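1. The following block contains a protein sequence and its predicted model.
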Amino acid sequence: MPPDSSTLRPAAVADDDWKSLLLRLAAGWVALFVLTAREWGEMAHQWWNSDTYAHILLIPPILVWLIWLRRTELSKSSFSACVPGLGLLCGSLLIWLCGRAAGINLVAQFGAVAAMSATVMTICGMRVMLISAFPVAYSLFLVPFGDEIIAPLQQLTARIAVALTHASGVPAISNGLFIDTPAGRFVVAEECSGVKFLIAMVALATLVAWTSFTSWKRRVIFVLAAACVSVVANGIRAWATIFVAQYIGAERAGGFDHIVYGWVFFALVIALVLGVGWRFIDRDPADAGLSATEADAIAQRFPAGVIAPDLALVLLCVIAAAFAVLARLI
């Protein structure tokens with residue numbers, strides 16, 4: 001007689017078992033942190049010292065909140081370390097190693113963060129990974145990115161500012177990033193590109209889209225709309241600085257820009273985006289993500305090699321040690 005299918009499903013585990021699992025997960029993270037300490041140090045320096053990436057300091061508490069929202073479903077689930085997680089871990093560390101060898105910090109940092117995410121699947125298994133999929137994916141926002149698009153954003157901001165300056169009746173001559181007006185010459189510097197507002201807006205919009213909308217179409221539209229609004233808003237800010245300068249002078253307008261438009265204006269833009277999104281919210285944040293039953297059903301469709309959590313931790317440490325040797329050799 002074939003066994004009851006319910007007997008093939010791992011049962012939910014006790015609190016003590018979860019505590020042991022979390023200790024193994026923490027141990028795996030520590031091993032990987034030691035391996036990729038240079039990248040984490042560089043990222044932390046950027047978070048703390050660069051205004052462009054200051055918003056990333058909010059990502060860790062957001063991740064804790066997202067996991068807290070999933071606590072009920074996680075408590076109903078079970079864990080079983082799996083071999084595919086080790087493959088994902090090796091792939092992440094290979095990206096990290098290639099980035100370090102090539103001297104491309106963004107690639108190395110992405111690999112370092114992805115390796116931490118892969119540890120969840122390695123130690124906890126596919127079911128836990130599926131339930132906590134969004135927090136795990138959202139952790140990639142810990143990687144400081146955006147410097148690569150500063151130049152095109154400068155060009156776009158300059159074009160928007162010149163178009164609006166002409167539309168407002170102020171004569172202006174554009175020469176690349178330089179804009180000549182009767183009040184003086186203005187330049188769209190890197191600080192005026194709007195990159196920090198754009199990446200912060202995308203991070204916020206992604207969080208809102210996932211936790212508040214059930215439709216993927218609505219999520220994508222919301223994130224893209226928020227990104228476009230941030231770019232246009234930055235162009236309007238640049239134009240407003242030029243326009244005000246025609247009446248109060250370029251120097252005073254610059255101070256006005258940083259105080260008023262740098263804080264108040266963008267705060268109003270964020271409030272506007274969230275206000276518009278609020279009208280279309282169709283679920284509670286606690287309901288965002290797969291339930292334990294759904295995760296279990298998906299996991300059973302993709303049978304994978306299951307190994308003991310202790311063995312998974314040992315293999316993780318061996319892999320980390322092997323990549324440490326490789327990093328020394330290149």
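-> In hand now; what should we look at?
2. helix or strand right after the lowest-mean-pLDDT helix or strand in the chain?
-> Scoring the helices and strands of the chain by mean pLDDT, DSSP states H and E places helix 250-256 at the bottom, with a mean of 58. Using DSSP states H and E, the helix or strand that follows helix 250-256 in sequence is helix 266-278.
3. I figured Ala295 was touching Ser132, is that so?
-> No: counting by Cβ atoms under 8 Å, Ser132 is not a contact partner of Ala295; they are 9.4 Å apart. Every C-beta, even on glycine, is put in place using the N, C-alpha and C of the backbone.
4. Could you pull out the strands in the protein for me?
-> For the chain, applying DSSP state E gives strands covering 173-175, 178-181, 184-187.
5. same for the last one, what does it pack against?
-> Pointing back at strand 184-187 there. strand 178-181, helix 216-248 (3 or more Cβ pairs under 8 Å, 6 or more residues apart in numbering; DSSP states H and E).
6. make it 7 Å
-> Where contact means 3 or more Cβ pairs under 7 Å, 6 or more residues apart in numbering; DSSP states H and E, strand 184-187 is packed against strand 178-181.
7. tell me the mean pLDDT for the strand it packs on?
-> Per-residue pLDDT over strand 178-181 has a mean of 86.
8. gap between the spatially most central residue of the chain and Ile56?
-> Nearest to the geometric centre of the chain sits Phe141, at 1.9 Å (Cα atoms, centre = their mean). Phe141 is 7 Å from Ile56, where distance means Cβ to Cβ, to the nearest Å.
9. In this structure Ser230 contacts Ala200, no?
-> No: here Ser230 lies out of contact with Ala200, judged by Cβ atoms under 7 Å, at a distance of 8.2 Å.
10. higher neighbour count, these two?
-> Neighbours were counted for Ser230 and for Ala200 using other Cβ atoms under 10 Å; Ser230 has more, 24 against 21.
11. Just list the residues touching the more buried one, thanks.
-> Neighbouring residues of Ser230 by Cβ atoms under 7 Å, 6 or more residues apart in numbering: 194, 197-198, 201, 269.
12. between the residues you listed, which is closest to Trp65?
-> Set against Trp65, the nearest of those by Cβ to Cβ is Met201 (19.1 Å).
13. my read: the closest one touches Cys228, true?
-> No: taking contacts as Cβ under 7 Å, Met201 lies outside contact range of Cys228: 9.8 Å.
14. Looking at these two, which is more packed in?
-> Using other Cβ under 10 Å as the criterion, Met201 and Cys228 rank with Met201 on top: 24 against 12.
15. mind checking pLDDT for the nearest residue to that one once chain neighbours are set aside?
-> Closest residue to Met201 apart from its sequence neighbours, by Cβ to Cβ, 6 or more residues apart in numbering: Ser230 at 4.1 Å. Looking at Ser230, its pLDDT stands at 92.
16. gap between the residue nearest to the centre of the chain and Leu204?
-> 10 Å.
17. try Leu58
-> Taking Cβ to Cβ, one finds Leu58 at 9 Å from Leu204.
18. So for these two, which residue has more residues nearby?
-> Comparing Leu58 with Leu204 by other Cβ under 10 Å, the one with more neighbours is Leu204, at 20 against 15.
19. show me the contacts for the more buried one.
-> Not one residue lies near Leu204 by Cβ under 7 Å, 6+ apart.
20. ok, 10 Å please
-> The neighbours of Leu204, taking Cβ atoms under 10 Å, 6 or more residues apart in numbering as the test, are 55, 58, 62, 141, 223, 226, 230, 270, 273-274.
21. Over to Leu63?
-> Per Cβ under 10 Å, 6+ apart, neighbours of Leu63: 132, 134-136, 138-139, 141-142.
22. neighbours of the closest residue in space to Ala133 that isn't next to it in sequence, just the number please.
-> Spatial nearest neighbour of Ala133, excluding adjacent residues (Cβ to Cβ, 6+ apart): Gly289 at 6.7 Å. A count of nearby residues for Gly289, using other Cβ under 10 Å, gives 20.
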